[in-house]
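Undergrad: Any chance you can model this:
(2 chains)
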Amino acid sequence: MMDEEIRRVLAEHGKLAVDASTIGEDDDLYRAGLTSHASINLMLGLEDAFDVEFPQHMLRKKTFESIASISSALRELTSEPAR
Amino acid sequence: MPSHDLALLAGTDLASAGEVAESIRRFGDRYLERVFTPGEVADAAGPPAVRTARLAARFAAKEAVIKALDHDGPLDWRSIEVVRTGSGRPEVVLHGPAAEQAARRSVGQLAVSLTHHGDLACAVVVAWGEGRSAGSANPNETTGIELKGA
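TA: Numbering: from 1, shown residues only, chains lettered A, B, ... in the order given. This is a model prediction of the structure:
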């Protein structure tokens, strides 16, 4: 499950002030303690976990502001091309 | 006649050399290449503890610039570059999207100051300028910022 993997990477790299397994899908991760530097590690960890590379247009704070926004970005990067 | 907007903006950030060291340990060159230019990595060279402190100061400078410019759009961390002048003082050079945001904020000049002590590195940035309103001039007309091509 993508959501579980995102939470695992968040727990490993996010340095949040709260438990990543209990944070709400739409909760603001920056308010939960995610710093700009930690968001870089989070990005790199997600790239490793999902074998993707975030393109420049996704390198913005909004992409990593919640589990839902991360999930949306990853779905866009991992979606199969239309046949 | 285009209007002139006076801008005086400030930003600051505190970064951890330990967190930079951890990022290098975990992600190696991928981390360095996503965040720092080759010039910044070269300028920060030194014993490990000094190197990570210098890199942390440069990261803090990038974040301080982002805050000063109030930028929340897509951004390549390397589009904000800390360079050393001949006198050894740091300066900020903006490229691509960062330079475009500076123009939108009417910023023509940037000053940066760095410091680090132990695990902590700090940067303070002051940005100012009397640029032109958006859409009325070439952003490369602003002075004090080397606006590199995208």
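Undergrad: right, and B:A127 touches B:A10 too?
TA: Yes: counting by CB atoms under 8 Å, B:A10 is a contact partner of B:A127 at 7.3 Å. (Each C-beta comes from the backbone N, C-alpha and C, glycine too.)
Undergrad: who touches both of the two?
TA: Between them, B:A127 and B:A10 share the neighbouring residues B:A68, with contact defined by CB atoms under 8 Å, 6 or more residues apart in numbering or on different chains.
Undergrad: Mind checking which of the two has more residues around it?
TA: Relative neighbour count places B:A127 above the other of B:A127 and B:A10, with 28 against 13, counting by other CB atoms under 10 Å in any protein chain shown.
Undergrad: for B:L110, phi and psi?
TA: With angles defined as degrees, to the nearest 10, B:L110 shows backbone torsions of phi -130, psi 140.
Undergrad: ok now do it, which residues does it touch?
TA: By CB under 8 Å, 6+ apart, B:L110 lies in contact with B:65, B:68, B:91-92, B:94, B:102, B:125-127, B:144-145.
Undergrad: Dig out what B:V112 forms beta bridges with.
TA: B:V125 (DSSP bridges).
Undergrad: looking at it, it is touching B:V93, isn't it?
TA: No: the pair formed by B:V112 and B:V93 falls short of the contact definition of CB under 8 Å, at 10.4 Å.
Undergrad: the more surrounded of those two?
TA: The neighbour count for B:V112 versus B:V93, taken as other CB under 10 Å, is higher for B:V112 (24 against 18).
Undergrad: That one and B:S23, how far apart?
TA: 22 Å (CB to CB, to the nearest Å).
Undergrad: what about the helix ranked longest in chain B and chain A, touching?
TA: Under DSSP state H, the helix in chain B containing the largest number of residues is helix B:48-69. Yes: Helix B:48-69 lies in contact with chain A when judged by CB under 8 Å from any CB of the partner chain; the contacting residues are B:59, B:63, B:66.
Undergrad: A:V18 should be in a helix, yeah?
TA: No: with DSSP: H, G, I helix; E, B strand; the rest coil as the criterion, A:V18 is assigned coil and is not in a helix.
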